[in-house]
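Participant: Prediction below, plus the sequence it came from.
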Amino acid sequence: MHPILAVFKKELIDGRRDKRAVMSAFIFPIMAPALVYFMLTAIIELRDSSKSITIPVEGAEYAPALIQWLEERDVTIEDFSGDAKEAVKNKDKELVFIIPSNYQEKLKALKTISIQVVLDGSRTDARPTINQAGNLLRRYNREVASLRLIARGVSPEVMSGIVETEVDVASKQERTAQALNFIPLYIILAAFVSGMGIAVDSTAGERERKTLEPLIINPVERYQIVMGKWFAASLFSSLGMAMTLVLCIVSMLQVPLDQIGLTFNITVTQILAMLIATLPLAFLAASMQMFLGIFAKSFKDAQSYIGILTILPVIPSLYMTFKPLLTQDWMFGIPMLGQHLLLVDILGGKSVPMIGYFLSAFSCLLLGIGLSFITAKLFERESIIAN
């Protein structure tokens, strides 16, 4: 048997027996899609719950027309009496409208009427109700203002000098991909989480168990040992990425995204393209983890070092969120950024140039091979073998 294949089989057997490696490889691919499903479902339920709201009103008898207008728009009016600020502060009410007793007098005199909205700006759970209530008041204000102009023989159109008309050239699929840009982050992050157990155990773990030296004394080239370990860790990383990708897609297909104005459709060709785009990153992640793991004296130390690597996939996603980029071909050659761009474009149904696949794969594999050979050189040092 070829030495690389022998080491590869050895690491797979050890990894299968190691519960820590198996858990790190497959717990994230299961948890991430579940998180996607529950998060999107919660957003949809929050949108649905905000369609019909209840508004406690103090002084509802002073504004019967306003109350009727709100009730016609599926708003439940609740008579309120007492200390509105205390009720909101104690979280007994999400908000309270306070209508002044001189409402009708100011309305007849065509004066501005001040309606107090008592709310707690720190409550995120009440934000949908607060926003919807505020929007309803603003709509009613525009209607009253228009009626006042008409009463004076003035067309309400004089108040609308310019009307904004949006023409969105993005397709529904592209808008969905933009809204779900956290999905590529989970897929890329899986490359660094799923293979971490094998990569750490095959380097720092073997140093800690004193099994690295018996392996090194065999008449085998150092690079062959490292390559066998690298391929085993990359296989676990690839399986984790593939599971995360497939389960995330299954989760999104189960969520009624149309209720929040999104449309998600994906073909088998797109899924295969996403796999091709991301799998080279698994080899890079495994090589980086092995490179850092060889410097650690124990499994625990290696986890603390390699844990820093999980920050790297987050950087391109955060950067593009706050500062969107105009995609250029050379950007595909930047590891992690290139994969993120490819995944977003594929999810959006855009036509991705072949150079994008080539550059992203070439840069990841080249850097991965380079780090693996550096790790093989480090295996020749006595300080690395002996603790």
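Facilitator: Everything's here; your move. Since the structure is predicted, the reported quantities are computational estimates derived from the model, not experimental observations.
Participant: In the stretch 201-350 of the chain, mark out all the helices, start to finish.
Facilitator: For the stretch 201-350 of the chain, the helices defined by DSSP state H, counting those that start in this stretch cover 206-209, 212-216, 222-254, 268-293, 299-306, 314-322, 337-347.
Participant: Please name whichever of those is nearest to Y103.
Facilitator: helix 314-322 (44.6 Å; Cβ to Cβ). Heads up, the C-betas are built off the backbone N, CA and C, glycines and all.
Participant: now the closest one: how far from the chain's centre is it?
Facilitator: Centroid separation for helix 314-322 versus its chain: 11 Å, with Cα atoms, centre = their mean, to the nearest Å.
Participant: cool, stretch 291-299 as well?
Facilitator: 30 Å.
Participant: In that stretch, which residues are buried?
Facilitator: 291-296, 299 (16 or more other Cβ atoms under 10 Å).
Participant: What is the neighbour count of the residue lying closest to I294 once chain neighbours are set aside?
Facilitator: Sequence neighbours aside, T203 is the residue nearest to I294 in space, at 4.6 Å (criterion: Cβ to Cβ, 6 or more residues apart in numbering). Neighbourhood size, T203 [other Cβ atoms under 10 Å]: 29.
Participant: who are the neighbours in contact with T203?
Facilitator: Under the criterion of Cβ atoms under 8 Å, 6 or more residues apart in numbering, the neighbours of T203 are 212, 229, 290, 293-294, 296, 302, 375.
Participant: Widest-spaced pair of those residues?
Facilitator: Spatial extent of these (Cβ to Cβ) is set by the pair K229 and A296 at 14.7 Å.
Participant: Kindly reformat the helices of the stretch 201-350 of the chain as CSV containing distance to I130 and mean pLDDT.
Facilitator: Formatted as CSV, the helices of the stretch 201-350 of the chain follow (distance: least, Cβ to Cβ, whole Å; pLDDT from 0 to 100):
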stretch, distance to I130, mean pLDDT
helix 206-209, 55, 76
helix 212-216, 61, 74
helix 222-254, 29, 88
helix 268-293, 39, 90
helix 299-306, 43, 71
helix 314-322, 25, 77
helix 337-347, 33, 86
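Participant: Which of the ones you listed has the highest mean neighbour count?
Facilitator: A comparison of the helices of the stretch 201-350 of the chain by mean neighbour count, using mean count of other Cβ atoms under 10 Å, puts helix 337-347 on top with a mean of 24.
Participant: List the contacts of that one.
Facilitator: Here helix 337-347 makes contact (Cβ under 8 Å, 6+ apart) with 173, 176-178, 180-181, 183-185, 187-188, 266, 270, 273-274, 277-278, 281, 316-317, 320, 325, 327, 331-332, 352, 356-357, 359-360, 363-364.
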